[in-house]
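**Student:** Coordinates for the following, if possible.
(chains A and B)
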There are 2 protein chains.
Amino acid sequence: MKYGYFDDQNKEYVIEKPDTPSSWSNYLGSTRYGAIITNNAGGYSFFKSVAQGRFTRLRFNAVPMDQAGRYIYIHDAESKDYWSTSWQPVAKPLDQYKSECRHGSAYTKISSDYSEISTETTFFVPLDADYECWSTKVKNKGSKRRTLKLFTYVEYGCNWNAGDDLNNLQYSQYITNMNVVDSIISHASNVNLPEMPDDFEEKDQARYTFLGAVGVEPVAYDTDREAFLGPYRTYANPIAVEKGQCSNSLAKAGNPCGTLQFEITLEPGEEKDFAIFMGIGRAEKEGKAVIEKFANLELIDEEFNKLKNHWHSKMSQMSVQTPDSDVDSMLNMWSQFNSLMTFFWSRAASLVYSGARDGLGYRDTVQDMLGVMHAIPELVQERLELMITGQVASGGAMPVVKPFAHRPGFEKEPTPEEFRSDDALWLFNAVPAYVKETGDLDFYHKVLPYADKGEGTILQHLRQAIEFSIKYSGAHGFPCGMLADWNDCLELGQEGETVFVAFQLRYGLKTYIEICELLGKLESEITWAQAALEKLDKNLHDHAWDGEWFLRAYRDDGLKFGSKENDEGSIFLNTQTWSVLSGHASEQEQKSAMDAVHSELATDYGVMLCAPPFVKTDYKVVRAALFNPGLKENAAIFTHTQGWTIMAEAMLGRGDRAFDYYKSTLPAAYNDRAELRQIEPYVYCQSTISKFHPLEGASRLPWLTGAATWAFYAASQYIIGIQPDYHGLTIDPCIPSHWDKFQVSRQFRGATYQITVTNPNKVNKGIASIKLNGEIIAGQCLPLCAKGSQNSVEVIMG
Amino acid sequence: MKYGYFDDQNKEYVIEKPDTPSSWSNYLGSTRYGAIITNNAGGYSFFKSVAQGRFTRLRFNAVPMDQAGRYIYIHDAESKDYWSTSWQPVAKPLDQYKSECRHGSAYTKISSDYSEISTETTFFVPLDADYECWSTKVKNKGSKRRTLKLFTYVEYGCNWNAGDDLNNLQYSQYITNMNVVDSIISHASNVNLPEMPDDFEEKDQARYTFLGAVGVEPVAYDTDREAFLGPYRTYANPIAVEKGQCSNSLAKAGNPCGTLQFEITLEPGEEKDFAIFMGIGRAEKEGKAVIEKFANLELIDEEFNKLKNHWHSKMSQMSVQTPDSDVDSMLNMWSQFNSLMTFFWSRAASLVYSGARDGLGYRDTVQDMLGVMHAIPELVQERLELMITGQVASGGAMPVVKPFAHRPGFEKEPTPEEFRSDDALWLFNAVPAYVKETGDLDFYHKVLPYADKGEGTILQHLRQAIEFSIKYSGAHGFPCGMLADWNDCLELGQEGETVFVAFQLRYGLKTYIEICELLGKLESEITWAQAALEKLDKNLHDHAWDGEWFLRAYRDDGLKFGSKENDEGSIFLNTQTWSVLSGHASEQEQKSAMDAVHSELATDYGVMLCAPPFVKTDYKVVRAALFNPGLKENAAIFTHTQGWTIMAEAMLGRGDRAFDYYKSTLPAAYNDRAELRQIEPYVYCQSTISKFHPLEGASRLPWLTGAATWAFYAASQYIIGIQPDYHGLTIDPCIPSHWDKFQVSRQFRGATYQITVTNPNKVNKGIASIKLNGEIIAGQCLPLCAKGSQNSVEVIMG
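**Tutor:** Take a look at the predicted model:
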């Protein structure tokens, strides 16, 4: 079933049927003022931290699915009928109520049409603002004069700390302090405490927010949830809306809400505009200033356009036009926007993540950069440097770096039991990608502190990452599993060994050698790394091959994971793909391994993480056994890994298979059967349920996932094949043979390349010729062109 | 407004209007299998621990207020109309739907009458059972044949750990495993883990519950919440109920529920009975056994009567008949039952306490015993001994004792910063009360270990409590405030001093001397205690009196709390009442202090904790400033303290004032204006909002509170005046002068005393004569009578 469509022109996803199988959400704002909004206007807002600064309330996993949110109720003064400008929460019958939701780049527009009244509300956070705007138009489409009473609703948390708001009712129910100042709602808690908005450790914070209106004059208000809703009622039928009158309640305890009541009269055909602003600060100061600033409603459109242009320009650094519109919709907007939001919010803010993962998980964060290098290189640099200073001098990394609390040079080194084996090795993906995008070779020589003590150039940081992995190696010469390798659910023991990380280490060594060769005068480094690589290759050759595919790991007592010897989990995906990515495997091994992936792990909905699932295996052997078969790490389609699968097949030149894999987890490809996947058809997810479970195809945890970055990276660099390189832009597509042509626009180091690729011979891979501005070039790498230049590139495959 | 009434005959509170201002709840079960149920069948069930063993789900502080619960839906096969056997969650209009809820002693009966169908469901947990029963009758009151489809509903937590269920959606949404075995629902999570039902530290527990029916045959089921409810629906309109058909869903992920569908046909006037059983264990084993056991429905009535008799007999150890029916309703049932539930559940399980306070708070628990000594002395002994072993050898106490984890002799001594100053001193109330009730003088000589090391007789434990308070004394010779004295919200600093605890210490010394005199041959102990008492009295005389009342405390820098010098918090209640209770104050001081209480702190709704409230005071001086004025420790009526106020006035002989105070916080006294107090008119609460807040009179946190025990203790021993003593039962009433007569029935050490008190001269206090079985006795203490004897006592006041 289809609930909406991609409006590529406007870079919007348009939901026409509001009763989506799950909440289909979008992100607004920035890492200062963030917000989530669903297609039914559910969601919440937060300041700096979703766990410590969440000031509006939404209950996760509740019934109904995504309430409360940002609501505007309409009560018809004559008929006494009432509804909401989003389908939920009043939920009028869908044969009478029409609704459209347009999720765009950091904004969402929700329209309604009911009872001859149409509305359109645009929700967005202006650039660099600490407030959000609900810009609204209401139009009388009928032939008689209408008098409407309008009511806003947000439900505030009692305490900014989301956990305390939920659980510490002994405290949180007694600290609310609501006021109304010059028709602006003042929401505060703990007013007898000093304001400490940055002190996340001190939970008893006093903070203020405001909610006010421009273009309409409030005539009444409610700030007490119980007074507005009435007992035994819900967001679907608040007593104040039913009556058409607020009671001017001021909550000084209990649960606060933000309701301003307005009255508007509309002649036939008349439209009125107004806007609601909600933000951080005091009503009398910040609130008043915002309301005054936007007294001229046209300024709202200006701010909106600024915001839209901001994101569109970030995402227009690369765009494609292919024979597949699903691919275009994703690569030109959603795959990029998904990667950007994941970069910004890591794993903190969503309808699933409750904020407990506050801070930047090392491995996630370093990978999350790969999909946004081209769009926001300055922000990537800042984040990358932060993460590099999260590496300790021994080469391992802090599992979590908290930007608001990180103190390089003064952090405690994790114990050997706390380290994860893969964390710092992801730098071999991120650092070269950054340098290749920007051309900033000096970056390798930049000196940065270690988390615990001392400092080193970034090159030295990279070397330390290798040293760490070599130091903590086990009996077969592979890195130890430690607390966890990428896959958290193997119980290897401290001395157990991970073949996956061994391949990562090989990738690191190979990359390190390339960098040293690039920088020059580093022969001794190259010699050292070369020797280590050869030793590792020998160990991999001797101990990692299982006959048809590569093992996944050895437990500390020698038990194999991912071997034919195992009845359950006899093959794992990640070591097959990384055997290719790392450059270790022979061509024969690569093909055998990837063919095994195809026969053992591939499904219509993506490639499973492992198989068969763990049912009889003790959870002490594989923690994944906790999950039901076909879910999460227990043989689900773990979406993070799909990019590697695509890349490996592309490296093998098998473009049809690479593209099949890409399409099997491409969100847009499920648009017309969205009831199957359930979640948003415009974003990636953490996992898709596999054939070992009755809900096969259903997907879980949309938005914040490494899948986003790797999917974009794999598609743009390995299928589309536009690869930033140190000295230019390499063109190396690997496409389905039925594609006869595609176009790419790419901004690279200030120049624009308009690339047209034709495929007259229906090949998957291979370049016959490349013309840059009409001139044939040698090789596949476009040389750097002048900043500001427009360049035409014609590529013929063959 | 009145929502219900007390049915004293049946020891039930009967709610006739279901739309109570808040959820009016009741407790079922035991500390093994516990449950909470509201008047609208909301609530949840738990096994051993509300935090770690909560298996059905209710969201606290949510909208609507108390869902989910234990529901039975009815769908009329002909009209397709549907409703629920409790008003909520379908909530049919109250002009068509009649409902009655009878909360009794560990059972609740909910009846409905709608559409000519009447139902009655009795919810209870049989004695010593690990399961609950919903025994239901459905009757056709109309004149035509009816076919009804019935659906049960409970919502299970995904994980037994309530915190993980709410917050760890990455985990909890993938571990559900629902099955149906022989028409019994099998609910399980984490089935690949071993079952460790007692290991609260290991949260990844595999556990099983069942839900089955007796008397009706299930024809379908749903175990997946989303399948049963349908998207964008609520408990008010499940899709399965609307359609009249379950879909036989088996949840293997997501949110599980327990729905069995039945069909019954009723001729005009016909009634059918059935019962639902939900409990701990596997469907195929424990579930099947329970269903088979109750195949004969009459056994349910037997079990129900056993349960009712059990509690009624506990509470019939004392009963009264006074001129005030509110007093009778409370003292004969609810005050006792409230104390019992508080004793059992401490501060863990309610609609407010989310279970974070898992374990027994020292001071709370030792006080909670006082109201249940007469009812369950054996259980009190066990708990009291547990708490005594929570005292460390130095005399201080562990702030929290966890029964499921406590290891006397092996616990770590709290640091000086962790100790609370009052904890162990409460033993001077509890231990003598236990010995006086039971006559077990040897108890003082019983040897028990200390929490950390060593052991001592209980008398030695008591002495250590004194030593601890003397050791940690400050500049004025008063006990230091430490982490907290009774009132957690004063910031005294480690060396600050608490006058309240000084009075407690004086009470302890006085009591210790009495015990030593009683036991004999302890002259040196008496000499030691007498000297300490005299020294303390001198310090109190010199440094604790503020002119008209007693100070509350000194901060470590000498700043006074509760002095006229303070603009805010210039008088505190607790040091006035304890100046009397401790025996320290002169008669003149006592009267002055208690008159100041009357003029400065007394309100129509009870006596405030302090006044004026803290508004300008820095929260670092008094943490109570966090709360809005008139709330909680910031000048609310903190109900715990009311008993002490009553006792103090009774000790002063001012029976009218004592009774006024008693009535001002007596829940039953608010029955006819329940909208004001909002909470249950049959139980005590933690606090009532005072005149410094717009919600004056509204009360918060019903049920689990020290208020319950002290209210019963004060009323029964100081107003009614029946005081267990070491060698008999002392009669010393202090009543309102308008009472001309009252009667008491008291079981004491196996004998029954039927006491009639007459007050011909309208006095408050004083005994003219006492006749025991017709014979005048000397003094006020009834001598012990033979076990099993029935004794008539006639008391004339004057």
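**Student:** where does the stretch 401-550 of chain A dip in pLDDT?
**Tutor:** Regions of the stretch 401-550 of chain A meeting the criterion pLDDT under 70 are absent.
**Student:** And the strands in it?
**Tutor:** Taking DSSP state E, counting those that start in this stretch as the criterion, the stretch 401-550 of chain A carries its strands at A:447-449, A:455-457, A:497-498.
**Student:** Direction included, what does the first one pair up with?
**Tutor:** Spelled out, that is strand A:447-449. strand A:455-457 (antiparallel) (DSSP bridges).
**Student:** Check which residues of the strand it pairs with are buried.
**Tutor:** A:Gly456 (16 or more other C-beta atoms under 10 Å in any protein chain shown). Quick note: C-beta positions are derived from backbone N, CA and C, even for glycine.
**Student:** neighbouring contacts of that strand?
**Tutor:** With C-beta atoms under 8 Å, 6 or more residues apart in numbering or on different chains as the contact definition, strand A:455-457 has outside contacts at A:Ala393, A:Gly409, A:Tyr444, A:His445, A:Lys446, A:Val447, A:Leu448, A:Pro449, A:Tyr450, A:Gln464.
**Student:** just stretch A:753-761 next, same as before
**Tutor:** Residues from elsewhere that reach stretch A:753-761 (C-beta under 8 Å, 6+ apart): A:722, A:729, A:731, A:733, A:735, A:737, A:739-747, A:768, A:782, A:785, A:790-798.
**Student:** Now render the contacts of strand A:455-457 as TSV, adding neighbour count.
**Tutor:** Shown next, in TSV, are the contacts of strand A:455-457 (neighbours: other C-beta atoms under 10 Å in any protein chain shown):
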residue	neighbour count
A:Ala393	19
A:Gly409	13
A:Tyr444	19
A:His445	11
A:Lys446	15
A:Val447	10
A:Leu448	18
A:Pro449	19
A:Tyr450	24
A:Gln464	23
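**Student:** Can you tell me which of the residues you listed end up in helices?
**Tutor:** Using DSSP state H, the subset of the contacts of strand A:455-457 located in helices is A:Gln464.
**Student:** Would you mind listing the two of the contacts of strand A:455-457 that lie farthest apart?
**Tutor:** A:Gly409 and A:Tyr444 (21.0 Å; C-beta to C-beta).
**Student:** ok so A:Trp710 is a helix residue?
**Tutor:** Yes - counting by DSSP: H, G, I helix; E, B strand; the rest coil, A:Trp710 is part of a helix.
**Student:** right, and it touches A:Gln367 too?
**Tutor:** Yes - at 7.1 Å, A:Trp710 counts as touching A:Gln367 under the criterion of C-beta atoms under 8 Å.
**Student:** Who has more neighbours out of these two?
**Tutor:** Taking other C-beta atoms under 10 Å in any protein chain shown, A:Trp710 and A:Gln367 do not tie; A:Trp710 has more neighbours (26 against 22).
**Student:** The residue lying closest to that one once chain neighbours are set aside: neighbouring residues, count only.
**Tutor:** Distances taken as C-beta to C-beta, 6 or more residues apart in numbering or on different chains place A:Gly643 nearest to A:Trp710, at 2.8 Å, with adjacent residues excluded. Close neighbours of A:Gly643, defined as other C-beta under 10 Å, add up to 29.
**Student:** host element of A:Gly643?
**Tutor:** helix A:642-651 (DSSP states H and E).
**Student:** tell me the mean pLDDT for that helix?
**Tutor:** Helix A:642-651 comes out with an average pLDDT of 98.
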